[in-house]
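Undergrad: quick one, what's the 3D model for this:
(2 chains)
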Amino acid sequence: MEILSIFRDEAERLLRNAGYPGKVEQAREEFGDFTFPCFSLAKERKMNPALIAKDVVRNMEKSEYFEKIENVGAYVNFTINPKKLAEITLSSIIQGEIFKFEEKGKVIVEHTSANPTGPLHVGRTRNSIIGDTVARILRRFGYDVEVQYFVNDVGKQVATLLWGVKNLRVEEEGEREDYRYVKYYQAAYEELEKRPEIEKEVQEIIWKYERGDQELRNLAEKYVGGIMRGIAESLKRINVEFDEFVWESSLVERSRKIPPMIKEYLKEENGAYYIDLKKLGVEEKDKLFLYRSDGTTLYPLRDIAYHLYKAEKARYNIDVLGEDHKLHFQAIKRIIGLLKPDTRLDALFYSFVKLPEGKMSTRKGRVVYLDDLVEEGMKRVEEIIRKRGYSEEEKKKITKMVAVGAIRFHILNVQEEKPITFKWENALNFEGESGPFIQYTHARAESIMKKTSWDRSFNSQYISHPQEIKLVKLMARYPEIIKEAAMKLTPYVVAKYAYSLASQFNQFYRDCPVIKAESGIREFRLALVYSFKALIKDLLELLGIEAPEKM
RNA sequence: GGGCCCGUAGGCUAGGGGAUAGACUGUGGGGCUUCGGACCCCACGACCCGGGUUCGAAUCCCGGCGGGCCCGCCA
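TA: Numbering: from 1, shown residues only, chains lettered A, B, ... in the order given. This is a model prediction of the structure:
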C-alpha cells in the first residue's frame, strides 16, 4: 500500500467535492505536501488563477487527513496531518507491512555477461552493480527474480585467447586464474596485430570448438572456466552473485534451429546468412549476420537462442546492457517478438565508465581492475578505523563492508545513462553523499536502540518537532520509491532516496534527544529511530550494501 | 555521412513545463558538560549557445557547439 496515495486520493476527493476536479502534484516543502496549481483551470474558465485558488479553498470541506489547506497565489496547498501520517507510517514499518508488495511472477535479469578473457574491470562493474541492484529491487517489489550471466565462450575473443594458450608461451603470474590467463589474451592480440594471417587459425579454432573438438573443449574448460571463477570471485566481494551461468556453447545446436523459423526475413550473401532488418522494421541498420560463410554461428544468432531460452523460462526478461548494445537489442527484441510474442523483454542501458586518459581496455591493459579498487578501498578504511579499538575480526568485517559500500554507492548514485569518469577520490568517497555516510547513520541509530529498551508501543499524538515531521514524511515515500525504481528500472532513485533519508535522520538526531526525552515523547522518538533503522537497513540491502551496527 | 545518449556552481550530481534551480565535494567561517564528529550549521558558487512554442522553458521543438556510443561474416 502506498501510504501517500491515501492522502493524495483524499486531496483529490476534496477538490472534486469543492467543484474543481483535478490532480494534485507534489509541493515544494515550504508550501506543504501536495499542491493544485490553478493555471490551466484559469485558462479553461477564463478566470484569474489566484481567484480560483481562493474559491477552491472557500468551498473545501474539512478533513482529518490535512491540518492545513490554503491558497498561496494561484496554488492550493495541502499540508498533511502529521499525527495521522505518523500513525500509518510507523505502524506499517514496525509491523513490516511496508516491505510487502503484491506478488508479480517471474523475471530473469541478465547482467554483466562480460567476455571471459580476463579479470573484471571497473567499467564492466557498472553493469554488475546496476544489474544486481535492479534484481534486488524487483525482488522486493514482488517479482520472483532469477539472475543470469551469459558466458560467451564461443566468440572470437575466446578463440583468440585459446589460440594464445596453444601457440604462445607467457609467464603466468599471480594466484588467481583470471590474472594468469589474461596474459595469453593480451599476447595473442599483440601477435594478431603483427601477423594478421593468424586470423585464419583463430577461425579454425572457432569452427572446431563449435563442433565439439575435445582438445579445445578441455582447454576452454580450464582457461575460460578459470577466468569465470575469477570474475565470479571478484563480484562476490562486492555482493554480486548469480543463479545461473549459461554458456553459449550449450546453445549452439539450438541456435541452428532458429533461422528456419524466421525464413521470410533471411537472406544469403556469399554463403553467409543474415536477417533483413529493414523488413523487420529496424531502420538504423540493414543486415544482422547470423552465420559466417564457413557455417559457424555469430553472436546475434546465439543471443537469439539465449533469449528464446530465457523467454521459455520466464514471461518477463530484462537485459542490463552497455549503451553500445542499443541497436543490437532493438533487433533482438523484434525477433523475440516474432518468436515469442506473449513475452516481455526490456533493457536497462547504462553509459560507460571511462578513465581520465580514455576508454578502458583489457587488451591494451589500460584498466582499473575491480579487485584493485576493493583493495585500495579497504586500505583507506583501515586507515580511518585503526585507532578505534576493534578486534582484528571486527576490523576486517567492517573494513570490507565500508569499502564495498563506498564503491557500490558511487556507481548507483548516478543516473544510469550518464557517463562516468573514474576517479579514485570519488569512487572511494566516505563523506557526504556516500555509502559510508548512510552506513554511519545506520550505526548511529543502532547505537541509540542498543542503549535503551523499548516495547514497540508509541503514541503519534506526541509528534511535534519539525524534524520528526520531516522524517516521517520522507519515510512514508518508501513504497512509491520502490515502485518507481522497479517499474522504470532506475536503481539510482533508491540510492538518492537512501541518502536523503539518512541526511534527514542526522538532522533529527541533532535536534531531538531520544533517550533523555520525557516519557511519551521518548517512546514516540524510539519508534522513529527504530523505523528509520529498519527502513535504511532495507534500502542498503537493496543497494547491495551491508549495514554495520558499529563502524 | 546517418542514428541514439549526454551537456546544470571550480569538481561531481538532482530536478525534466509552474513558486526563491536542490544536494555533495571544494574554499572560508562556526558547533561536542548533549544518544557515535565518517556528523551538523552558515557563506561563496551553476542551467553550453541561438531561435521557436507557451500566461510561464533548465525542462518541449528546431538549429548549432562540445563529449560518448552505434551503423562489422566483432561481441
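Undergrad: surely A:Asp371 is in contact with A:Pro119?
TA: Yes: using C-beta atoms under 8 Å, A:Asp371 is in contact with A:Pro119, at 6.6 Å. For glycine as for every other residue, the C-beta is placed from the backbone atoms N, C-alpha and C.
Undergrad: neighbours of the closest residue to RNA strand B within the stretch 51-200 of chain A, how many?
TA: Proximity of the stretch 51-200 of chain A to RNA strand B (C-beta to the nearest atom of the strand) peaks at A:Gly155, 2.9 Å away. Neighbourhood size, A:Gly155 [other C-beta atoms under 10 Å]: 18.
Undergrad: list the residues that contact both of A:Asp371 and A:Pro119?
TA: Residues within reach of A:Asp371 and of A:Pro119 at once, by C-beta atoms under 8 Å, 6 or more residues apart in numbering, are A:Ser234.
Undergrad: who's more crowded, the two?
TA: Neighbours were counted for A:Asp371 and for A:Pro119 using other C-beta under 10 Å; A:Pro119 has more, 25 against 19.
Undergrad: what's the more buried one sitting at in phi/psi?
TA: Main-chain dihedrals, A:Pro119, degrees, to the nearest 10: phi -60, psi 160.
Undergrad: also A:Val368?
TA: According to degrees, to the nearest 10, A:Val368 has phi -110, psi 120.
Undergrad: ok, A:Trp163 - contacts?
TA: A:188, A:198, A:201-202, A:205 are the contacts of A:Trp163 under C-beta under 8 Å, 6+ apart.
Undergrad: can I get the buried part of these as one ChimeraX selection?
TA: Here is the ChimeraX command that selects the buried residues among the contacts of A:Trp163 (16 or more other C-beta atoms under 10 Å):
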select /A:188,198,202,205
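Undergrad: pretty sure A:Val147 belongs to a strand, no?
TA: Yes: the assignment for A:Val147 is a strand, going by DSSP: H, G, I helix; E, B strand; the rest coil.
Undergrad: my guess is it contacts A:His111, does it?
TA: Yes: the criterion here is C-beta under 8 Å, and A:Val147 meets it with A:His111 at 7.0 Å.
Undergrad: name the residues contacting each of the two.
TA: A:131-132, A:135.
Undergrad: who wins for neighbours among those residues?
TA: The most crowded member of these, judged by other C-beta under 10 Å, is A:Ala135 (29 neighbours).
Undergrad: three-state assignment of the residue of chain A found nearest RNA strand B?
TA: As assessed by C-beta to the nearest atom of the strand, RNA strand B sits closest to A:Gly432 within chain A, at 1.9 Å. For A:Gly432, the secondary-structure state derived from three-state DSSP is coil.
Undergrad: what about it, neighbour count?
TA: 9.
Undergrad: same thing with A:Phe430?
TA: Neighbour number of A:Phe430 under other C-beta under 10 Å is 18.
Undergrad: name the residues of the longest helix seen in chain A that are buried.
TA: Secondary structure of chain A per DSSP state H: the longest helix is helix A:214-237. Residues A:216, A:219-220, A:223-228, A:230-232, A:234-235, A:237 are the ones in helix A:214-237 that count as buried (16+ other C-beta under 10 Å).
Undergrad: thought the residue of the stretch 51-200 of chain A closest to RNA strand B was touching A:Glu248?
TA: Yes: counting by C-beta under 8 Å, A:Gly155 touches A:Glu248, with 7.3 Å between them.
Undergrad: helices and strands around the host helix or strand of A:Lys379, which ones?
TA: Assigned by DSSP states H and E, A:Lys379 belongs to helix A:370-385. In terms of contacts (3 or more C-beta pairs under 8 Å, 6 or more residues apart in numbering; DSSP states H and E), helix A:370-385 is packed against helix A:122-140, helix A:214-237, helix A:392-412, helix A:424-427.
Undergrad: my guess is A:Ile335 contacts A:Asp303. True?
TA: No: judged on C-beta under 8 Å, A:Ile335 makes no contact with A:Asp303 at a distance of 9.4 Å.
Undergrad: thinking again about what came up before, list phi and psi for the residue of the stretch 51-200 of chain A closest to RNA strand B.
TA: phi -80, psi -180.
Undergrad: can you list contacts of the helix or strand bottoming out on mean pLDDT in chain A?
TA: When the helices and strands of chain A are scored by mean pLDDT, DSSP states H and E, helix A:39-45 comes last with a mean of 81. Outside helix A:39-45, the residues within contact range by C-beta under 8 Å, 6+ apart are A:20, A:22, A:47-49, A:52, A:74.
Undergrad: most neighbours among the residues you listed, which one is it?
TA: A:Ile52 (21 neighbours).
Undergrad: so where's the stretch 1-150 of chain A shaky on pLDDT?
TA: A:1 (pLDDT under 70).
Undergrad: interface residues of it facing RNA strand B?
TA: Those residues of the stretch 1-150 of chain A that sit near RNA strand B, judged by C-beta under 7 Å from any atom of the strand, are A:27-28, A:30-31, A:35, A:37, A:39-40, A:43, A:72-73, A:75, A:77, A:115.
Undergrad: so of those residues, which ones are in strands?
TA: Judged by DSSP state E, these include A:35, A:37, A:72, A:75, A:77 as members of strands.
Undergrad: can I get the contacts of A:Trp163 in JSON lines including distance to A:Ile93?
TA: Converted to JSON lines, these look like this (distance: C-beta to C-beta, whole Å):
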{"residue": "A:Ala188", "distance to A:Ile93": "56"}
{"residue": "A:Ile198", "distance to A:Ile93": "62"}
{"residue": "A:Glu201", "distance to A:Ile93": "63"}
{"residue": "A:Val202", "distance to A:Ile93": "58"}
{"residue": "A:Ile205", "distance to A:Ile93": "58"}
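Undergrad: can you list the contacts of A:Trp163 in TSV and add distance to RNA strand B, pLDDT and secondary structure?
TA: Output for those, formatted as TSV (distance: C-beta to the nearest atom of the strand, whole Å; pLDDT from 0 to 100; DSSP: H, G, I helix; E, B strand; the rest coil):
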residue	distance to RNA strand B	pLDDT	secondary structure
A:Ala188	13	95	helix
A:Ile198	14	93	helix
A:Glu201	14	96	helix
A:Val202	9	96	helix
A:Ile205	11	96	helix
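Undergrad: tell me which helix or strand A:Gln507 sits in.
TA: Secondary structure (DSSP H and E) places A:Gln507 in helix A:492-511.
Undergrad: tilt between that helix and helix A:392-412?
TA: With axes from the mean of the first three to the mean of the last three C-alpha atoms, to 10 degrees as the basis, helix A:492-511 and helix A:392-412 are set at 120 degrees to each other.
Undergrad: list the helices and strands helix A:492-511 packs on?
TA: Counting contacts by 3+ C-beta pairs under 8 Å, 6+ apart, helix A:492-511 packs against helix A:392-412, helix A:435-450, helix A:466-475, helix A:478-488, helix A:521-542.
Undergrad: show me how far that helix is from its chain's centre.
TA: 19 Å (C-alpha atoms, centre = their mean, to the nearest Å).
Undergrad: likewise stretch A:358-371?
TA: That offset, for stretch A:358-371, works out to 23 Å (C-alpha atoms, centre = their mean).
Undergrad: returning to that earlier point: residues in contact with the longest helix of chain A: which ones?
TA: So helix A:214-237 is in contact with A:112, A:114, A:116-120, A:128, A:151, A:153, A:158, A:161-162, A:165-166, A:176-182, A:184, A:205, A:208-209, A:241-242, A:245, A:249, A:369-371, A:374, A:400, A:404, going by C-beta under 8 Å, 6+ apart.
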